[in-house]
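Peer 1: what's the 3D shape of this:
(chains A and B, ligands or ions: 1)
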Amino acid sequence: MKEKEIICECGHVNPYGTEVCGSCGKPLVKNDSNELLNMRYEGAARRSQTYNKSIIDKVWNFFSSVKVGITIIVVILIASALGTIFPQELFIPPGQDAATYYAEEHGWAGELYYTLGFHNLYGSWWYMLLITALGISILIASIDRFFPLYKALKNQRVTRHEKFMSRQRIFGRSTVSDQDETMNKAVSLLRKKRYKIFEENGNVLAEKARWARWGPYVNHIGLIIFLVGAMLRFFPGMYVDANMWVREGETVPVPGTSQDYYLENLQFDVELYDEDDERFQGAMQAAPGAEHIETFRTHSILYMPTDESTVGAGRELEAISEQEIEVNSPLYFDNYSVYQLDYKLNELSAMSFDVEDRETGESAGSFTVDLNNPEDYYTLDNGEEVYIYDYFANFIINDAGEPTTENNVPDNPAFIFEMTNEDGEEELTFIRIQRNFEIRDDEDDPHQYAFTFAGIDTNHVTGLKVRKDLTLPFLIAGGSIFLLGLLQGSYWPHRRVWLQRENDGEILIAAHTNKNWESIKKEIRSVTDQTELSEPVDQTDEEYEKEYKEKDNL
Amino acid sequence: MNSLAELSSNLLYIAFFFYFAATVFYILSVTGRQFRNKEGDVKKNRWGTWGYIATVIGVVFAFGYFFTRWAAGGHPPVSNMFEYTAFLAICFSLAFVVINGIYKSNVLGLFTIPVIMLIIAYASVFSTEIAPLVPSLQSNWLAIHVITVALAQGILAVSFGAGLVYLVRTLDLSGKKMTKRTFGIEFIMYTLLTGLAFVILTNVFEATNYEAQFTYVNEQGEDAEKTYNLPAIIGPNEGVLETEDRFSPIFYAPDWIISEDLNTVVWSFGSGFLLYWVIRLIGRNRRISAMLQPLLKGVKPQTVDELSYRAIAIGFPLFALGGLAFAMIYAQIAWTRFWGWDPKEVWALITFFFYAAYLHLRLSRNWIGERSAWLAVIGFAIIMFNLIFVNLVIAGLHSYA
Ligand code: HEM
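Peer 2: Next up, the predicted model:
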């Protein structure tokens, strides 16, 4: 059913639900009242104020209510605050089980926190739901208001209905000796204050910064784009977040790039602040012995495999750039960024061993094992071969009492070497730092070849973070639009002053602004002071006006 | 300490002195008599102008402190608790100078400059040594982000000052009975006095080098030692006083409480309470707000309300820019992610949501005036909470502790 349009006496056709004629401003409802007009949306018909029948109407009205919007904001605010009472799950020490951690650290309160799911609050479905509701609310509330407001401001006429004038918050009636002269003077003063002047039948509308009215809508659009961008993270492939550890001299595929890129760590450096730096003497003496790290960086080379080489070991690589990756100065390529995040100094990289032939009493030779890439066997000076029977990079004895390795980081390397002696028997020797024994069939029969530990080499390892985030353009666009809209709506007020001639030599003055009423009053005061016009009153605070006219001692 | 650093700290003392002078001038301007000129018009006395001038000079010296310290340390001085807190106070005074340039309010000066001095004094309780920056802080974005945030918070703080003026001006404070409103406003006064008490206490005991050594049993059940810089009302768990001639504790805290901090809190709130009642009794048992109220008779409520709103309308976009946009850019570069739900980040977001809610509430006429003023006070409380509590208690990546 199409609702009736409202035809105003000025001839303007207003949509159903309009409260104030979009053209001449005549009040269309409660038109014999003297209450101030509700000017927020110019009295234009808004869908949410007009229809309330279908489900769609109800949902629309719910989300376009500012009350509901504020409630959503406040609920998000409170929820967010709750999430900071105890650390979120991602901040608890690695390796801790959340189920027990909260109870142990924070007692019954911690347990409750965990049970309620607050330990992972910002990723919870209901937090997401709140954010979604916020987005929907912003969107619907904006649409509900923008179009009517836009039309009303576009259709507004200069000459206004008298009731429109008298029911403005700022309104005055002046009797002047010469209407023309007063009008002209007022117009030129308003022009100087950068008002745009519209004239019709000798009446005047002075308006400035109408564009600022769109500020909230621009910022809301920005917010919606931002929220959409944030939601895009849930689509696979939108972002990569991977750690990589690279030893000096090592070249490894960059994780998350499907082996399209390789990175070499040529050298890793940590720089400390000079302990004699006189700027920091006070602070350094307050914490004696503390290390003051200035920066750390990886001298890296980025490679791409050449077209011909196939995936797998030994691909042919082509260097494409050489760069220092430093804290606050990541390496950017393609859509990826590689950040300097962490490091490990002096990780074991190689171990050397001497082998003695007990039969001759002479050295059989020495060999060095690269702990990250051990060979199958090593040939000694005397031509004999040492086989690696077993290698444990990070040696532990597991629960079953068997020797094994915790991972392949050589923090605690252990070997079982195998050699064949002159009698053709196989000799096994277990060796790790400060531990060395021969695995013998007969306790009293030592091996022919005796191993001794000769030395170690160490190496620095750089900890890098690889990131790709295809949602960033949305966030940047949304954030920028948001900020521009905020600026537009907050730093400029939309002001209008109407001057209207009456037949008996009177001039009516009315004014409206969307913010900072004291400032528009000051502007008008400076116009009325210099013309025959008398100062209009602010009808919301008449009694104050009287009391403070003289002694506004603020 | 090198000579530039020394100059820098002297400049801050001078600035503090000018803020003090400004406070005195503003008191004179508000309490001083008005007079009639030859034509018989009521004229205000000139003290307010002097107050404004003193504030401007104070701000100039304060920025002198800021830039000389920057030169001395080689990095923007916004990277520890002292530096950030002092800079926030400086921005607060700058915002006051700018906004008061538009609205010319002596009363606002009377209410904000003492708070600014209080914040500077609070800052100086923390170590003022220039410390080297950890790697992630060495970025131009540090200066850009933190300076914008401080400016924004300084401007938002002005809305608190104006909100307070509005409340003291308009609330009915005469009745003997305590209402929600009179309790609220007196609680604000009491909180400010507690801050004052804390600053005075720590400075007095520091000047006398008060130290009391305790041995106690810590959370792990091990024997440990700690030093109190205030007389111990609350001692550590199973604490034994090792220093002679020192006040011996009345209570002992359980092991999971940081007892010296609790002790300081007790001292501050206790002395704040004392201070509050001393002032109240001097004022013939009137509420402190009721004592101030007559001074504000000439203030027009709508103007302070608008001033308070205007400070938020100016500060909010700036806060969004510095506290969220610049923060995210910086975090993306320094910490590899633009957002990580670190408590400090969350509290910046909460501040943002709070002022967003304020702006939307003001769309309704009911919320203009008194309710707005209460919200402006709460907003400032959130900013201070973020500065003090989140930094010192809820440790995160940003913690300056
Ligand atoms: C955190 C999210 C939000 C932010 C940052 C935001 C920001 C703003 C800002 C800065 C203004 C201008 C206020 C002024 O000039 O005084 C505004 C106006 C407005 N906002 Fe929002 N807003 C948000 C969410 C919402 C929501 C959820 C609604 C839903 C009801 C909403 C509805 C409105 C309306 C109706 C206006 C007035 C528009 C006008 O004056 O023409 N906003 N918003």
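Peer 1: Show the model's pLDDT score for the nearest residue to A:T175 once chain neighbours are set aside.
Peer 2: Excluding its sequence neighbours, the residue lying closest to A:T175 (C-beta to C-beta, 6 or more residues apart in numbering or on different chains) is A:E506, at 5.4 Å. The way it works is simple: take the backbone N, C-alpha and C, and place the C-beta from them, glycine included. According to the prediction, A:E506 has pLDDT 87.
Peer 1: what sits against A:E506?
Peer 2: A:R173, A:S174, A:T175, A:V176 (C-beta atoms under 8 Å, 6 or more residues apart in numbering or on different chains).
Peer 1: Quick check: it vs chain B, distance?
Peer 2: A:E506 sits 28 Å away from chain B, taking C-beta to the nearest C-beta, to the nearest Å as the criterion.
Peer 1: pLDDT wise, what is A:E308 at?
Peer 2: pLDDT, A:E308: 68.
Peer 1: now do the one 10 residues further on
Peer 2: Per-residue confidence (pLDDT) for A:E318: 84.
Peer 1: what about it, is that helix, strand or coil?
Peer 2: strand (DSSP: H, G, I helix; E, B strand; the rest coil).
Peer 1: near the ligand, which residues of the stretch 251-400 of chain B?
Peer 2: Proximity of the stretch 251-400 of chain B to the ligand, by C-beta under 6 Å from any ligand atom, involves residues B:F353, B:A356, B:L359, B:H360, B:L363.
Peer 1: for the stretch 401-550 of chain A, same thing?
Peer 2: So the stretch 401-550 of chain A meets the ligand at A:L486, A:G489, A:S490 (C-beta under 6 Å from any ligand atom).
Peer 1: Could you find the closest non-adjacent residue to the second one?
Peer 2: In this structure, A:G489 finds its nearest non-sequential neighbour in A:G215, 2.0 Å apart by C-beta to C-beta, 6+ apart.
Peer 1: element containing A:P148?
Peer 2: helix A:125-155 (DSSP states H and E).
Peer 1: Buried residues of that helix, list them for me.
Peer 2: Across helix A:125-155, burial judged by 16 or more other C-beta atoms under 10 Å in any protein chain shown covers A:127, A:130-131, A:133-146, A:148-149, A:151-153, A:155.
Peer 1: give the contact list for the residue of chain A found nearest the ligand.
Peer 2: Ranked by C-beta to the nearest ligand atom, the top residue of chain A for proximity to the ligand is A:G69, at 2.5 Å. Shown in contact with A:G69 (C-beta under 8 Å, 6+ apart): A:F63, A:L134, A:S137, A:I138, A:A141, B:H360.
Peer 1: which residues does residue 230 contact?
Peer 2: Reading this off chain A. By C-beta under 8 Å, 6+ apart, the neighbours of A:A230 are A:I131, A:T471, A:L475.
Peer 1: That was the other one, I meant chain B.
Peer 2: By C-beta under 8 Å, 6+ apart, the contact list for B:L230 reads B:L201, B:T202, B:F205, B:Y210, B:E260, B:N263, B:T264, B:W267.
Peer 1: run the last query once more with 7 Å
Peer 2: Applying C-beta atoms under 7 Å, 6 or more residues apart in numbering or on different chains, we find B:L230 in contact with B:L201, B:F205, B:Y210, B:N263, B:T264, B:W267.
Peer 1: pretty sure A:E438 is in contact with A:T429, am I right?
Peer 2: Yes - with contacts counted by C-beta atoms under 7 Å, A:E438 reaches A:T429, the gap being 5.2 Å.
Peer 1: close to the ligand, is the helix holding A:P148?
Peer 2: Yes - interface with the ligand: helix A:125-155 contributes A:L134, A:S137, A:I138, A:A141, A:R145 (C-beta under 6 Å from any ligand atom).
Peer 1: any chance of those residues in a markdown table, with distance to A:F451 and pLDDT too?
Peer 2: Formatted as a markdown table, the residues of helix A:125-155 next to the ligand follow (distance: C-beta to C-beta, whole Å; pLDDT from 0 to 100):
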| residue | distance to A:F451 | pLDDT |
| --- | --- | --- |
| A:L134 | 68 | 95 |
| A:S137 | 74 | 94 |
| A:I138 | 73 | 95 |
| A:A141 | 79 | 92 |
| A:R145 | 84 | 89 |
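Peer 1: Most widely separated two among these?
Peer 2: Taking C-beta to C-beta, the two most distant members of those are A:L134 and A:R145; they sit 16.8 Å apart.
Peer 1: so where is the chain shaky, pLDDT-wise?
Peer 2: Because you didn't say which chain, this covers chain A. A:1-3, A:308-314, A:541-554 (pLDDT under 70).
Peer 1: that's the wrong chain, I meant chain B
Peer 2: Ranges of chain B meeting pLDDT under 70: B:1, B:33-44, B:391-401.
Peer 1: Based on its surroundings, how many neighbours for B:F251?
Peer 2: A count of nearby residues for B:F251, using other C-beta atoms under 10 Å in any protein chain shown, gives 12.
Peer 1: and the gap between the closest residue to it other than its chain neighbours and B:L241?
Peer 2: With C-beta to C-beta, 6+ apart as the criterion, B:F251 has its nearest non-adjacent residue at 5.0 Å, and that residue is B:I234. Distance from B:I234 to B:L241, counting by C-beta to C-beta, to the nearest Å: 13 Å.
Peer 1: which one of those two has more residues nearby?
Peer 2: Using other C-beta under 10 Å as the criterion, B:I234 and B:L241 rank with B:I234 on top: 21 against 17.
Peer 1: so how far is B:A253 from that one?
Peer 2: B:I234 sits at a distance of 5 Å from B:A253 (criterion: C-beta to C-beta).
Peer 1: Dihedrals phi and psi, A:Y262?
Peer 2: phi -130, psi 150 (degrees, to the nearest 10).
Peer 1: Could you do A:P15 as well?
Peer 2: Dihedral angles of A:P15 (phi, psi; degrees, to the nearest 10) stand at phi -70, psi 160.
Peer 1: Skipping adjacent residues, who's closest to it in space?
Peer 2: Sequence neighbours aside, A:A45 is the residue nearest to A:P15 in space, at 4.6 Å (criterion: C-beta to C-beta, 6+ apart).
Peer 1: is it true that that neighbour touches A:G17?
Peer 2: Yes - using C-beta under 7 Å, A:A45 is in contact with A:G17, at 3.3 Å.
Peer 1: Please identify the buried residues of the host helix or strand of B:Q213?
Peer 2: Using DSSP H and E, the element containing B:Q213 is strand B:212-217. By neighbour count with 16+ other C-beta under 10 Å, strand B:212-217 contains the buried residues B:A212, B:F214, B:Y216.
Peer 1: contact partners of it?
Peer 2: Applying C-beta under 7 Å, 6+ apart, the set of residues contacting strand B:212-217 is B:223-228, B:231-232, B:235-243, B:246, B:255.
Peer 1: how close does the residue lying closest to B:I257 once chain neighbours are set aside sit to the ligand?
Peer 2: Counting by C-beta to C-beta, 6+ apart, B:I257 lies nearest to B:N237, which is 8.0 Å off, once chain neighbours are set aside. According to C-beta to the nearest ligand atom, to the nearest Å, B:N237 and the ligand sit 45 Å apart.
Peer 1: List the contacts of B:N237.
Peer 2: By C-beta under 7 Å, 6+ apart, B:N237 lies in contact with B:Y216, B:V217, B:Y252, B:A253, B:P254, B:D255.
Peer 1: How about the secondary structure of it?
Peer 2: coil.
Peer 1: Is the residue of chain A closest to the ligand in a helix, a strand, or coil?
Peer 2: Secondary structure assignment for A:G69 (three-state DSSP): helix.
Peer 1: quick one: A:L130 and A:V74 touch, right?
Peer 2: No - using C-beta under 7 Å, A:L130 makes no contact with A:V74, being 10.6 Å away.
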